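Student: need a 3D model of the following:
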Amino acid sequence: MILKFTGKLPPVECELFDQLKDWVEFNCVKRIRKTTASAQGHDEPGISIEVDFSEQEYGRANYSVERSGTDTYHVPADELVEMIRDAIADGGAISAVVDAVAKHIDDDAWDECDPNLDDYGDYEYTEHDSDGADNSETKYSRSAIREAVLRFVQERHPELAAEL
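Tutor: Here you go, the predicted model:
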């Protein structure tokens, strides 16, 4: 864990807990959470869907721990209207739009959101050395997408609402 937070190992002279604690506090990389558009709210029209993120993290310190967090994913109005028009052109209904938004979230949410993942559970230490993360998941409410899309078309594009 020290390596994860400091980016380097403490010197060998840090034998006592207080020495190690002081070294970590001095060398720990302070992380400032960037302000995301979802935290600020969006001035542009569209819909925003709350997405829960989780993954299994692996590190060089030979540990793994599950992490999770939540952020809001925003679909801009122009992209949403395009999805709605495509669904209508294909003869689909609101469920086709929900599927398109869900695919958009699955494809882009990890890149566009900052869920500030928190560790939960116990760290599992192992003898093998691996880096990275796997089992990355996103969870969201399809009914929330449906409600947001319907509200959007009713308020901003009633001509499209009639076709859905």
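Student: which stretches in the chain count as helices?
Tutor: Remark: helices assigned in the chain by DSSP state H are 2-6, 17-27, 37-40, 77-89, 94-112, 142-156, 158-163.
Student: domains in the protein, by residue range?
Tutor: Here the domain parsing of the chain from automatic domain parsing is 1-31, 38-163.
Student: so where's the protein shaky on pLDDT?
Tutor: 3-6, 28-42, 57-64, 119-134 (pLDDT under 70).
Student: one more time with 80
Tutor: Along the chain, the parts satisfying pLDDT under 80 run over 1-8, 18, 20-44, 57-67, 92, 117-135, 164.
Student: quick check: residue 98 touching residue 145?
Tutor: Yes. In this structure residue 98 lies within contact range of residue 145 using C-beta atoms under 8 Å: 5.0 Å. In this view, the C-beta of every residue, glycine as well, is placed from N, C-alpha and C.
Student: re earlier: now distance to residue 46 too, for the helices of the chain, in TSV please.
Tutor: Formatted as TSV, the helices of the chain follow (distance: least, C-beta to C-beta, whole Å):
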stretch	distance to residue 46
helix 2-6	36
helix 17-27	43
helix 37-40	11
helix 77-89	4
helix 94-112	11
helix 142-156	7
helix 158-163	14
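Student: can you tell which of those helices is closest to residue 71?
Tutor: Among the helices of the chain, the nearest to residue 71 by C-beta to C-beta is helix 37-40 (5.8 Å).
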